[in-house]
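Peer 1: Sequence plus predicted model, see below.
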Amino acid sequence: MGQQLRGRASLWRRTRDRVLASQLWRSVIRHGYPDENRNRILVIISNIFLHLHPARVKRHGVKLRYTWCMGGLSAFLFFVLTVTGVLLMFYYVPDTRRAYQDMKDLEHAVLFGKLMRNMHRWAAHAMVVTVILHMTRVFLTGSYRPPREFNWVIGVGLLVLTLLLSFTGYLLPWDQLAMWAITVGTNMAEATPFLGAAGPFHELLGITKHNDIRFALLGGTIVDQNALLRFYVLHCIALPLIGAVLMAVHFWRVRKDGGISGPHGKLPKL
Amino acid sequence: MSAENARSRDLVHTWPHLVYRELCALLAASVVLWIVSLLVDAPLEELANATLTPNPAKAPWYFLGLQELLVYFDPWIAGVAIPGLIILGLAAIPYLDPGEDGSRRRFALSVYLGGLALWFVLIFIGTYCRGPNWAWYWPWEDQTVIKPTLPLTRALSPAIGWPAVLIYLGGGLLAPRLIWRDFFARLGIVRYLTVMGLLLLMIAVPLKIALRLAFNVKYVLTTPWFNV
Amino acid sequence: MASAEETTRTDSAPAHDDRERRALGWMDRLLALSSLGLCALFAYTVLAEVSPEWGPLQREYGRLLAVDPSGKGARAPRGIQQIHVQPLELVDRCTSCHLGADKPRVASTGTRAVLAPHPGSMLELHPPERFGCSSCHDGQGRATSREKAHGREANWAEPLLLGRFVQASCAQCHARASAPRAPDLRVGIATMRRRNCAGCHVVPDLDEDRRFGPDLGRIAEKTSRDWVFAWLKRPAAQLAGARMPDFGLSDREAASLVAFLFSVPPPPRPPAAPVAGKGAEAGRALFSESRCITCHAVQGKGGTLAPELARVGSKLARPWLEGWLRDPKAHDPATIMPRFRLSEEQIGSIADYLGEEFEDEDAERWQRAAASALARDREASAGDGRKLALHYNCAGCHSIADLRPAKIGPEHTELGLKPVARIDFGAKASLPRTRLAYLREKLRDPRGFSKGLRMPRFDLSEEARESVLVTLLSFKDRRYPASVRAAGERRPWHGRPPPGPVGELVRELSCLECHALDGRGGTLAPDLSLEGSQVERPWLARYLAQPTTLRPSLTERMLQLRLRADEVGLLVEYLVAARRADGVKSARELFGAAGAPDPESALHGRRIFHERLSCPSCHATPHGARGYLGPDLSAVGSRLQPGWIYHQLLDPVRARPGSIEPRLGVSPADARALAAYLATLRAPPASAPTETSP
């Protein structure tokens, strides 16, 4: 039995080694099978995606109890949202006369349309949760400490972006939920001091409801076609682009500062 | 050499230790997301209608805490000043942390977790306990029964309001300085003032809620330009 | 995956402690489960996507077509089917399942309702490519699963309309009062008009601002406190078919309202001495001669325009009745009752007759009950009554003192779309949460939902209630473009009302309660819009002075108004001069300078009438025709102008919309000959004309 198993394992090894040594394989992956230290380091540093991590990370840092995986999951959800979002964009026109009908068509007539929309929606909500949990974990472990202070600030920016992305996407289905949630949300902007038509000191700058910050958000005084178009462009182009740039900086700095799950110094006891 | 050994004992190879965990987390998250997406349909209500205002009209859940604060604060505070301060405060955390470990972090942890709890409690209230006219409904109550709107609320007179605020801020800034001297010493004057300022503003939020609920106070301060 | 597990196990880095190893074992299982789960989910998703609900139906339809001899060559559609109607912004995918709906019947689909053709001939009138499905049936046309397509979804405002309720959609394009094939809409809107829903609600199609119930200014002169009390308590008990609903008033409330109504000082009126009649028998003759039952009913027999009279004797005070008969509009400017030119003695006789013959046998009972209740509630004050009258919007129907009417109920304009989530089911939580269930219960028991509701109870029959429900559900406006709306249906009032003294006379005589002018007015009697081109002037004058002879089958009868000669002249002048049709030839244009038919062409016409065409099967003539479906033409020459006869023969439906006269394709020459023949059919000078209808 044990002999047999060993025999089978060696067959597996022989086959594997032959494949790994073939020209085709070597043209793609240049190092050997990562079951010894050299190759384990090579697999990380020679792969652009895995290179996000250093070749070796802190032992305590990879424990699930310590890292919670929330940063990685946030990034993964952003990826899911990008893929499903691009697919949804093929079927969605940001036109107040069509948007709602497009939602219905996605549900009823588009192949996998309903699943794509559901995934996009729930992934968006999940991302808000994972980002907040990630931030909490980083705070609890004190990982924001030097030299990572500024990366925490970027992280706060990413939190804001996540909320804005979710908020702008909220309007796109053009149903009652969308219209009135955005109405409530943007009415708060109207109360901005100095810049909102209902905020204190707005008269000092000559702000009316036709040139205030809410008008800038909506492209008008009510939630209508202009608002839909603005939110669409923000949701699909502007905010994801900014988010991608900030994420690149965020990940880059994590990498430079020694990989996931800081801090460098002593472990805070929880 | 021994330091090098200790360092390598502290480190593990990213492949497979981290990559494997990441793959597991990613696959598990995919399964959960996929199952949820199959079981629960994303909400889609009736076509948007500018003439038909739902009662209550609610913001997305992550902003419901702010909307709930509208009960207790004017919109410019609830919708602009408070979220602005939250973001500023969060961003400032690394620069305010004196870098202590263990039990001495109790202060930092309780402030952060307290703030987070307050945020989610407000979201919970906004989501599940608010019905037509933003009146209070327990989650099991029938929201088709319209409740009477809240009674009118009053403002504190300036003779009480201004001294109260000054005492709160002044006392709040001075008392820890006098009681926990080494707390002040560790932070230094600039960080101490920033930390205490932000902390006092944060504590002021539940305080104001309590004032409103217990004494029906709408404004603590009234000025010709704005009210707080 | 396998490699990852293996490398984890054979890791040569510093040994893991036990906990770490256990954790990794746990993760291996998680990884395996997740991978399997993902594969399963992927397979399930693909399978679910390629086996939609319409799949089996389409395969079944294909099999049925294959075995059906008539379906030879036809192939069942595959995939989602849809009808896209651009002008209506409509996408209906109903035919994905209802595969036979827009196709000819396939014999073998007989047992499968879902695959059957659309019943009836409605699709010929409303081809699906122009109207789709959901424009009539509602539901969610874009959906492709059964429940959602039928609109049974929480956030879909328009669930599938079934059975009679499909009629609710007709009102998107047709006027409710005249929608063809929608009897429920016609009955419903008529019922709502009759019960004056517009008194409290804004109701589409019911926006006339004519006051509705009687003027209560003279109630104290008109009847007794007892009667008003009994009436307020339960109108239907006092008068069969009462239009006034039951407000469910307590004795105290009714007594307060009585106190209020009787505290309003009546407007002054000229003093009139009591008149003596010649007794009930003379009154009876006058009553039937004047054709009062054209509008009033007695014991349920007669018209429905005016109140039932069976028990009126116990209600009315004699002096008031005399004054009313003398000049109804002086008492109540809004009444539809015309002023009959009765002499004082005739007034007395009719009052005698009404007083004696229309006694209420039940009077003693309600009088006693009312009197004792009124005596009990001595404290009921006029002030309370006034508050109640305001609360219940009495002025919505009646004019009372200075009370103003108000639309106290919710608007009905968009009732057919009212979100179910916004309906307050209140105490009736067990009702199904649908708009229809709510409205049905609201009509049945309007105040049962919660305290403080004001809507009174209308005693509607089951049938009438369902018709009203159909109508209520029709109150929505999808704003379809004019191109699909029924042509000529929503015809606005395009003519001018009769001017000056004629106008006053027309109003005083309430002519337009029964007759119509340019589309406005009643439908009981012929449309008079083109009367001047239709009838001979002498006939019209004779008829207005003395509308005696009747067709026995006719239930609506022209009132004997006893018009004075100058009044007759005024009306004749107006009708002849102002109510003319374009393109109707005069007698001179038709017959040449003489203006009269020559005997030769008359004879020719007589031959055409009796021998060539099928006229005798419907009409009667002195020359042997015996038909009775159409009007008797024995004296038609005295009544109708030859030009009109000619005009009508060429195209009966154009001349009189709704006519059942067939279009026989008569040539102009033949029509001229026929007109010549019919013009010679004149009544003997002594006899009166025999037809009211041209």
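Peer 2: Cool, got the structure.

Peer 1: and residue B:70, how many neighbours?
Peer 2: Residues contacting residue B:70 under the criterion other C-beta atoms under 10 Å in any protein chain shown number 19. Where C-beta positions appear, they are placed from N, C-alpha and C, glycine not excepted.

Peer 1: Then residue C:427?
Peer 2: Residue C:427: 12 neighbours (other C-beta under 10 Å).

Peer 1: is it true that it touches residue C:449?
Peer 2: Yes: using C-beta atoms under 8 Å, residue C:427 is in contact with residue C:449, at 5.9 Å.

Peer 1: quick one: low-confidence ranges for the chain?
Peer 2: This is for chain A. For chain A, applying pLDDT under 70 flags the ranges A:1-7, A:263-270.

Peer 1: wait, I meant chain B there
Peer 2: Short version for chain B, where the test is pLDDT under 70: B:1-9, B:101-103, B:144, B:149-152.

Peer 1: and the spatially most central residue of it, what is it in contact with?
Peer 2: Central residue of chain B (C-alpha atoms, centre = their mean): residue B:119, 3.3 Å from the mean position. Under the criterion of C-beta atoms under 8 Å, 6 or more residues apart in numbering or on different chains, the neighbours of residue B:119 are residue B:65.

Peer 1: for chain C, what's the longest helix?
Peer 2: In terms of residue count, the longest helix belonging to chain C (DSSP state H) is helix C:18-50.

Peer 1: Return the distance of that helix from the chain's centre.
Peer 2: On the basis of C-alpha atoms, centre = their mean, to the nearest Å, helix C:18-50 sits 65 Å off its chain's mean C-alpha point.

Peer 1: which of the residues in it are buried?
Peer 2: For helix C:18-50, a neighbour-count test (16 or more other C-beta atoms under 10 Å in any protein chain shown) marks C:23-24, C:27-28, C:30-31, C:34-35, C:37, C:41 as buried.

Peer 1: what's the following helix or strand after it?
Peer 2: Following helix C:18-50 in sequence order, the next helix or strand is helix C:54-67 (DSSP states H and E).

Peer 1: Model confidence score at the residue in the stretch 401-550 of chain C that chain B sits nearest to, please.
Peer 2: Residue nearest to chain B within the stretch 401-550 of chain C: residue C:424 (5.6 Å; C-beta to the nearest C-beta). Looking at residue C:424, its pLDDT is 84.

Peer 1: and the longest helix along chain B with chain A, contact?
Peer 2: Secondary structure assigned by DSSP H gives helix B:189-215 as the longest helix of chain B. No: Helix B:189-215 lies out of reach of chain A by C-beta under 8 Å from any C-beta of the partner chain, never closer than 13.1 Å.

Peer 1: for that helix, the distance to its chain's centre please.
Peer 2: 12 Å.

Peer 1: for that helix, packing partners?
Peer 2: helix B:82-96, helix B:106-128, helix B:158-179, helix B:181-187, strand B:217-219 (3 or more C-beta pairs under 8 Å, 6 or more residues apart in numbering or on different chains; DSSP states H and E).

Peer 1: Give the buried residues for that helix.
Peer 2: For helix B:189-215, by 16+ other C-beta under 10 Å, it's B:191-192, B:194-196, B:198-199, B:201-205, B:208-209, B:211-212.

Peer 1: Please, which helix or strand holds the one residue in chain B that gets nearest to chain C?
Peer 2: Using C-beta to the nearest C-beta, the single residue of chain B nearest to chain C is residue B:27, 3.7 Å away. Take DSSP H and E as the rule and residue B:27 turns out to sit in helix B:19-39.
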